[in-house]
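A.B. asks: A predicted structure for the sequence below; I have some questions about it.
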Amino acid sequence: RKEVEQDPGPFNVPEGATVAFNCTYSNSASQSFFWYRQDCRKEPKLLMSVYSSGNEDGRFTAQLNRASQYISLLIRDSKLSDSATYLCVAGGYSTLTFGKGTMLLVSP
Amino acid sequence: EAGVVQSPRYKIIEKKQPVAFWCNPISGHNTLYWYRQNLGQGPELLIRYENEEAVDDSQLPKDRFSAERLKGVDSTLKIQPAELGDSAVYLCASSPGGVGDTQYFGPGTRLTVL
């Protein structure tokens, strides 16, 4: 089983739609969780950290479910500029593991 | 503030040739990472430095890959000899603290081995 698993997509959604991605992690000792965004042929950039109580940043909401070992990312009111690959990251004190990413395509 | 700098941005070599990548992290960042990213995959850690000490090199193919971080600042990753399967993007990242901190990535070096 992969340490961090994501549905590769692509998720095709129209502008204004709400879309959600899930990511599962296998290491129950994981303490740190992030969502990174990666545009085509660019480097990953932090989108948001994921906190135990859940957190929101504008149109983006991240949730953590420790019991089921998954994290989620919800994007509301999708914009064309949200088209990218979203990388889930989970880890403990010694290492972080990236998922393969979920591709999102937002169309007009 | 300047970001993570990497060079070269692109490199094309023939198999069995050596190649080296250079990374200058964000000033003051103690932790430096080298990742390899293949098409359609997430970044995979090769080595992590805390200052000048390599604290996690378990995924570094030591028969052909080597890395150093002299004086705890710049770092160099070397492959000798390169193989066809080494074609990938090599990403350098840095963070101010340890593993749980946000990582800031450089633009990467796209390596093509012919």
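C.D. replies: Cool, the structure landed. Numbering: from 1, shown residues only, chains lettered A, B, ... in the order given.
A.B. asks: where along chain B do the strands fall?
C.D. replies: For chain B, strands defined by DSSP state E occupy the ranges B:5-7, B:10-13, B:19-24, B:31-37, B:44-50, B:53-56, B:65-68, B:75-79, B:88-95, B:104-105, B:109-113.
A.B. asks: would you list those strands in CSV and tack on mean neighbour count?
C.D. replies: Where C-beta positions appear, they are placed from N, C-alpha and C, glycine not excepted. Putting those into CSV (neighbours: other C-beta atoms under 10 Å in any protein chain shown) gives the following:
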stretch, mean neighbour count
strand B:5-7, 17
strand B:10-13, 14
strand B:19-24, 19
strand B:31-37, 24
strand B:44-50, 20
strand B:53-56, 14
strand B:65-68, 17
strand B:75-79, 19
strand B:88-95, 23
strand B:104-105, 22
strand B:109-113, 18
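A.B. asks: out of those, which comes closest to chain A?
C.D. replies: Judged by C-beta to the nearest C-beta, the one of the strands of chain B that comes nearest to chain A is strand B:104-105, at 3.9 Å.
A.B. asks: related to what we said a few turns ago, let me have the strands of chain B in JSON lines, adding distance to chain A and mean pLDDT as columns.
C.D. replies: Converted to JSON lines, the strands of chain B look like this (distance: least, C-beta to the nearest C-beta, whole Å; pLDDT from 0 to 100):
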{"stretch": "strand B:5-7", "distance to chain A": "9", "mean pLDDT": "97"}
{"stretch": "strand B:10-13", "distance to chain A": "11", "mean pLDDT": "97"}
{"stretch": "strand B:19-24", "distance to chain A": "12", "mean pLDDT": "98"}
{"stretch": "strand B:31-37", "distance to chain A": "8", "mean pLDDT": "96"}
{"stretch": "strand B:44-50", "distance to chain A": "7", "mean pLDDT": "95"}
{"stretch": "strand B:53-56", "distance to chain A": "6", "mean pLDDT": "92"}
{"stretch": "strand B:65-68", "distance to chain A": "16", "mean pLDDT": "97"}
{"stretch": "strand B:75-79", "distance to chain A": "16", "mean pLDDT": "98"}
{"stretch": "strand B:88-95", "distance to chain A": "6", "mean pLDDT": "97"}
{"stretch": "strand B:104-105", "distance to chain A": "4", "mean pLDDT": "96"}
{"stretch": "strand B:109-113", "distance to chain A": "8", "mean pLDDT": "98"}
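A.B. asks: out of those, nearest to A:S32?
C.D. replies: With C-beta to C-beta as the measure, strand B:88-95 is the member of the strands of chain B nearest A:S32 (11.0 Å).
A.B. asks: list the helices and strands the closest one packs on?
C.D. replies: Contact here means 3 or more C-beta pairs under 8 Å, 6 or more residues apart in numbering or on different chains; DSSP states H and E; on that basis strand B:88-95 packs against strand B:5-7, strand B:19-24, strand B:31-37, strand B:75-79, strand B:104-105, strand B:109-113.
A.B. asks: Lovely, talk soon.
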